[in-house]
Each structure stands twice: as C-alpha cells, then as structure tokens.
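Enquirer: For reference, the sequence and a predicted model appear below.
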Amino acid sequence: EDQVTQSPEALRLQEGESSSLNCSYTVSGLRGLFWYRQDPGKGPEFLFTLYSAGEEKEKERLKATLTKKESFLHITAPKPEDSATYLCAVQGGGGYQKVTFGTGTKLQVIP
Amino acid sequence: DGGITQSPKYLFRKEGQNVTLSCEQNLNHDAMYWYRQDPGQGLRLIYYSQIVNDFQKGDIAEGYSVSREKKESFPLTVTSAQKNPTAFYLCASSFQGADSNQPQHFGDGTRLSIL
C-alpha cells in the first residue's frame, strides 16, 4: 500500500526565513509526485509534478526536489502570502490513477 | 476561464435525508473524482470515474452514490446510510490515458454539516 508522510505538521517562519518541508513516500512504481497548496476553506491548488529522482521544479519562491524516498519543498525568503497548508501526493503504478495524499504541512509566515 | 465548480459551498443535512453535491468541469478532462477531507487526515477517495457512464468505488464509498451521465458533470449523493457525513468534500478532474500521470485539479469544495 502506498504511503505518504509529511513533516513537520506545522511550521512557523519569520518573513524572509528560508526553510524546507519534507514528504517521505513509499510507492510501488512511482508515476508522479505532486505538490499542492491549500488555503483555508479552498480546494488544493496544483503546484508541481516530479516524475523521477533528481528532478527539480521552481516557481517563484518555491522549489521542489525529488529523491527515491522523499521530496522537499524549499521555500526561499517566504512572505506572509505563502502561508497555507502544503500537500504532497504520489501516484503509483496501480491499474488506474490512484493518488495517495499526505496530511499536509501547515505553514505560517509572520511579518 | 477553465475550472471546476462545486456547489453549494455550504450544505446542511437533516437526519434521514439524502443530499446531492454538484461538480461541473469545463477543462475537457476525462476522469473525475470525489474526495472527503477530515481534519488531520489526508484526502480519502470516495468514487472516481474514468469515462462517461462508468464509475468505480474508492476507499470509502459506503453511504455515497454517484452518476456520470455527462463528461462535464459528476454529482455526489450523500445518503442517509452515511452515519458520519460532516466533512469537507472535494471534487477533482484530470486528463486520462493508459499511462497518464497528469495532476488532478480541484474545485473549492462543499462543506457538509449535520443539523
């Protein structure tokens, strides 16, 4: 059974203080690892897909990296508007596009 | 703008009542999904549909039903058999293919509560 574990559960940063969120996974035949951002009362917003170990993707202050066992979401010089819950999900090699989600990291950036 | 529209945003259910949550997409996606989100838990799959007139149970289908009569629409009915329906319900869609690994895109959810 595919599993996704995200850490820490919650993270509080000062504005400008860079940090990383972790997503550890076990999956049979990784097809893709996805990062989403979710604001309170809203649906998850797609950020990145990573397909193979060594791949990196960037968007503004966010950079996602992937190894064979984990993915990191690096946040450089965060701003208060980066405050949100960040979800990680993996798609394994099942018969359909089954996606397993982690429970998320709640990020708060303080001005 | 293309996207996924869920309605209503808030819904209240009385004891013994069935309620239906609407999900419409104009992204021309083949596959559609319903998830339930509870505090401290990851998204859990209720039902999914890969093509019109076909759908499959997810991990927690008991007490729920769906239909897929049109490519754009995938309504979810929460029946009276679902004893703990209070949750945030999310609809998603994605492109479909034999080896597809395209991301799912989500609507903004419906929050269901018990009266």
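Expert: Thanks, I have it.
Enquirer: rest of the way, CA atoms for contacts and neighbours
Expert: OK.
Enquirer: Report the next helix or strand after the lowest-mean-pLDDT helix or strand in chain A in sequence order.
Expert: Using mean pLDDT, DSSP states H and E, strand A:99-101 stands out as the lowest-scoring helix or strand of chain A, at a mean of 93. Once the chain leaves strand A:99-101, the next helix or strand it forms, by DSSP states H and E, is strand A:105-110.
Enquirer: For chain B, what lies in contact range of chain A?
Expert: Counting by Cα under 8 Å from any Cα of the partner chain, the residues of chain B close to chain A are B:40-44, B:90, B:100-101, B:103-109.
Enquirer: Scan these and report the most crowded one.
Expert: Neighbour counts for the residues of chain B next to chain A, by other Cα atoms under 10 Å in any protein chain shown, peak at B:G109, which reaches 29 neighbours.
Enquirer: Please identify the helix or strand for the residue most central in space within chain B.
Expert: Closest to where the C-alpha atoms of chain B average out (Cα atoms, centre = their mean) is B:W34, at 2.6 Å. Secondary structure assignment for B:W34, by DSSP H and E: strand B:31-37.
Enquirer: chain center to the helix or strand following that strand: distance?
Expert: Following strand B:31-37 in sequence order, the next helix or strand is strand B:44-51 (DSSP H and E). Chain-centre distance of strand B:44-51: 7 Å, with Cα atoms, centre = their mean, to the nearest Å.
Enquirer: same thing with stretch A:64-75?
Expert: 8 Å.
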